[in-house]
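# sequence first, predicted coordinates after that:
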Amino acid sequence: MAIAEPAAVGGVRDKGLKSGALGLLSSVVIGVSSTAPGYSLAATIGFVAAAVGLQSPAVILLAFVPMLCIAYAYREFNAVDPDCGTTFAWVARAFGPRSGWLGGWGIIVADVVVMANLAQIAGQYGFLLFGADGLAASTFWTTLVGAAWIIGLTYVCYRGIEISARVQFVLLAIELAALAVFSLVALVKVYSGHAAKGAIHPSLGWFNPFDIPSFSALSAGVLLAVFIYWGWDTAVACNEETRDAEHIPGRAAIISTLCLLGIYLLVTIACQAYSGLGTLTNENNQGDVLAVLGNAVLGSTFGKVLILAVLSSAAASTQTTILPTARTSLSMAAHRAIPRSFARMHPTYQTPVVSTVAMGVASVAFYVGLVVVSGNVLGDSIAALGLLIAFYYALTGFACVWYFRRDLTQSAQQLLVKGLLPFVGAVILTACFIKSAHDMYASDYGNTSFHGVGGVFLVGIGSLVLGLLVMVVCELTDPTFFRRRTGPPAPAAPALTPTAP
C-alpha cells in the first residue's frame, strides 16, 4: 500500500482516491444522507419547540441561511482547490497551517462524537423495528449492536466509494419515502378533523422570528437547527472522487441544503400541526418525537415505517460520517500535518485504509467508553456538537472572504458569493457559538457538571483545547507542514499547487 503525496494532477491533488466515481446525483444523495434527516428530526424537533414554541419553522428557515451561505464558501473554495481535506486545506491556505489544522480537528472530533449517538440509535431502533422493546431498553445489547453497525459500515466504506454510494441510494429512498408518507397523512388528518386533540392548522405566524421571546431562545434554537443541517459538506469531502471535481461537489452542496430545507419544513409543520406543542415539548418525548407521533398518525402497525426511517437514517449517516472523516485525515496526512501512515491507500479499492479503519476504531472506542462512564455524558457530548459544527463552518466562511479578497471588487457576483454570503454565514454561526458557549458554561446546562462548569461546555470547548495539545505534538513530531506559509490571495486560477516548505 502506497502513501500518497499531494501532487497536482489535473487540478486535483492525487492522493490515490478513485477519481470520477461519483456524479451530481450521487453527490447530492451522499450530502443529504449524511445529515440523517429522519434521525436529526426525531432527536431535535422537540428541543427546538421547547426553545422557541410555535416558531420552530422560523428557526428552521433561519438556520438554513448560514448553511446556504457556508455552502457557497465551500463551492468557491472547491472550484479553485478541490482537496478532500476541505476546511483543513482551505483554511490553512487562507490563515496559515495551525488554523487549518484546528479546522480539520473540528471536523474529526465532531464526526467521532456524533458516531456514538448514531450507533446508539441504530442499536435501539434495530430492536424496536422487530418489537423487541426489552432488548431496545438494554444498554448492553444496544451498545453491542451499535458497535456492530459501526464495524459493518466501516467495512462498506473500506470496500470503495461506489459501493458506498449504491448503499446510500437505497437507505435514503427508504428514509424519504417514510417521512413523506408520515407528513402527508398527518396534514390530511389535521385538515379533515381527524387529528389528535390539540391539533392546529399551520399559520404564516409560525415563520415570524420576532415572536421568539428572547435572544437566548433564538440562539439555542438556531444552534439546534444547525445540527440537523450539518453533514451536507460530505458531498464536497468526496470531491477527489467526483467527475468534474471543480464544479459538481460545490453544486451538490448547495442542492443538498435546499433539499434539506424542504424536508425539514414539511416534517416540522406536519408534527406541529398534528400535535400542537404539548407532545413536542413533553420531556418524555423530546428525545424521539417521531416514534411517538408515528404511532398516533399511522397506527401501531404502520408506525413502524417511522422506526424504519430513523433506522435507515442512522445507518446512512453512520456510513457518510466515516467517509469525510477518513478523507480529512487522509489529506492531513498527505500534507504531513499528522502521521503519514494515515495516507496509506488500498491498491484495489482506492480507499484510505488506515484513515477509514482508524475512524471506525475511534468511534467504537468513544461510544463504548461513554456508555461505560455515563449515559448522561453521552447526552452532553451530543449537545456539544453544535459548538464544533459552528466552529469549523464559521472558520471556513471567514477564510473564504479573506482568501478571495482581491476578487471581491471584480463584479457584484464575486462580491456576493465570495464575500457577503460567506461572511454573513460565518458571523451568524460565530454569534451562536459565543452565546451558546456562554449559556453552556452554567452548571445546570445539560445533564452533568464539573466544579460548577456545565458538562456540555467542557465537552465542546474542551475538545477544541485538546486539539491544540494534539497539534503541538504533531508539530514536534514532524514540523514540515507547520513551516509552510499561507497561500496567495486567490486569483482567478484553475487550481492551486502545494505551497513549498
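It's in.
# list the buried residues for stretch 247-267?
Of the residues in stretch 247-267, 247-257, 259-261, 263-267 count as buried by neighbour count, 16 or more other CB atoms under 10 Å. Where C-beta positions appear, they are placed from N, C-alpha and C, glycine not excepted.
# same check on stretch 90-104?
For stretch 90-104, the neighbour count (16+ other CB under 10 Å) marks 90-95, 97-104 as buried.
# let's have those in JSON lines, adding distance to Cys157 and pLDDT.
Listed next are those as JSON lines, based on distance: CB to CB, whole Å; pLDDT from 0 to 100:
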{"residue": "Trp90", "distance to Cys157": "23", "pLDDT": "95"}
{"residue": "Val91", "distance to Cys157": "25", "pLDDT": "95"}
{"residue": "Ala92", "distance to Cys157": "25", "pLDDT": "94"}
{"residue": "Arg93", "distance to Cys157": "27", "pLDDT": "92"}
{"residue": "Ala94", "distance to Cys157": "29", "pLDDT": "93"}
{"residue": "Phe95", "distance to Cys157": "30", "pLDDT": "94"}
{"residue": "Pro97", "distance to Cys157": "28", "pLDDT": "93"}
{"residue": "Arg98", "distance to Cys157": "29", "pLDDT": "94"}
{"residue": "Ser99", "distance to Cys157": "28", "pLDDT": "94"}
{"residue": "Gly100", "distance to Cys157": "24", "pLDDT": "95"}
{"residue": "Trp101", "distance to Cys157": "24", "pLDDT": "96"}
{"residue": "Leu102", "distance to Cys157": "25", "pLDDT": "95"}
{"residue": "Gly103", "distance to Cys157": "22", "pLDDT": "95"}
{"residue": "Gly104", "distance to Cys157": "19", "pLDDT": "95"}
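# wait, which of the residues you listed is closest to Gly454?
Among those, Leu102 lies closest to Gly454 (CB to CB), at 22.5 Å.
# mind checking how far the closest one is from Ala89?
Taking CB to CB, to the nearest Å as the measure, Leu102 and Ala89 are separated by 13 Å.
# same question for Phe95.
Taking CB to CB as the criterion, Phe95 is separated from Ala89 by 12 Å.
# same deal with Cys400?
13 Å.
# next one: Phe433
When distances are taken as CB to CB, Phe433 and Ala89 turn out to be 22 Å apart.
# between those two, who's got more neighbours?
It is Ala89, of Phe433 and Ala89, that has more neighbours when counted by other CB atoms under 10 Å, with 28 against 23.
# low-confidence bits of the protein, can you list those?
Across the chain, residues meeting the criterion (pLDDT under 70) sit at 1-13, 286-287, 300-301, 303, 374-379, 485-501.
# in the chain, which spans are strands?
In the chain, strands defined by DSSP state E lie at 7-9, 12-14, 449-450, 453-454, listed in chain order.
# contact partners for Leu323?
Listed by CB atoms under 8 Å, 6 or more residues apart in numbering, the contact set of Leu323 reads Ile30, Ser34, Cys157, Ile161, Ser164, Thr234, Ala237, Cys238.
# and the furthest pair within the residues you listed?
By the measure CB to CB, Ser34 and Ile161 form the most distant pair in those, at 13.5 Å.
# more neighbours: which of the two?
When Ser34 and Ile161 are compared for neighbours, Ser34 comes out ahead with 28 against 23, by other CB under 10 Å.
# list the residues that contact the more buried one.
Taking CB under 8 Å, 6+ apart as the definition, contacts of Ser34 comprise Gly231, Trp232, Asp233, Thr234, Ala235, Ala316, Ser317, Thr320, Thr321, Leu323, Pro324.
# the first one and Tyr39 touch, don't they?
No: taking contacts as CB atoms under 8 Å, Gly231 lies outside contact range of Tyr39: 10.7 Å.
# overlap of the contact sets of these two?
Going by CB under 8 Å, 6+ apart, residues that sit against Gly231 and also against Tyr39 are Ser317.
# can you give me the helices for the stretch 401-501 of the chain?
Under the criterion DSSP state H, counting those that start in this stretch, the stretch 401-501 of the chain contains helices at 412-415, 421-440, 455-477.
# sorry, slip of the keys, the one I care about is the stretch 151-300 of the chain.
In order along the chain, the stretch 151-300 of the chain carries the following helices (DSSP H, counting those that start in this stretch): 161-192, 215-229, 234-237, 248-281, 289-302.
# residues in contact with the second one?
Helix 215-229 is contacted by residues 35, 37, 40-41, 44, 47-48, 51-52, 55-56, 59-60, 62-64, 66-67, 209, 212, 257, 260, 264, 385-387, 389-390, 393, 428-429, 431-433, 435-436, 439 when judged by CB under 8 Å, 6+ apart.
# how about 7 Å then?
By CB atoms under 7 Å, 6 or more residues apart in numbering, the surrounding residues in contact with helix 215-229 are 35, 40-41, 44, 47-48, 51-52, 59-60, 62-64, 67, 209, 212, 257, 260, 264, 385-386, 389-390, 432, 435-436, 439.
# thinking Ser381 is in contact with Gly369, fair?
No: no contact is recorded between Ser381 and Gly369 when judged using CB atoms under 7 Å, the distance being 10.5 Å.
# among the two, which residue is more densely surrounded?
In this view Ser381 and Gly369 are compared by other CB under 10 Å, and Ser381 has more residues nearby, 25 against 12.
# wait, Thr328 sits on Trp105?
No: judged on CB under 7 Å, Thr328 makes no contact with Trp105 at a distance of 9.1 Å.
# those two: who's more crowded?
Shown here are Thr328 and Trp105; by other CB under 10 Å, Thr328 has more neighbours (30 against 27).
# who are the contact partners of that one?
Neighbour list for Thr328: Gly85, Thr86, Phe88, Gly104, Ile107, Ile108, Ala237 [criterion: CB under 7 Å, 6+ apart].
# try it again at 8 Å.
Cys84, Gly85, Thr86, Thr87, Phe88, Gly104, Ile107, Ile108, Ala237.
# do Trp149 as well
For Trp149, the contact set (CB under 8 Å, 6+ apart) comprises Leu118, Ala119, Ala122, Gly123, Gly126, Ala314, Ala315, Thr318.
# neighbour count and distance to Val297 added to those, as a markdown table?
Written out in a markdown table, the entries for the contacts of Trp149 read as follows (neighbours: other CB atoms under 10 Å; distance: CB to CB, whole Å):
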| residue | neighbour count | distance to Val297 |
| --- | --- | --- |
| Leu118 | 27 | 25 |
| Ala119 | 29 | 27 |
| Ala122 | 27 | 23 |
| Gly123 | 26 | 25 |
| Gly126 | 22 | 22 |
| Ala314 | 30 | 21 |
| Ala315 | 29 | 23 |
| Thr318 | 29 | 27 |
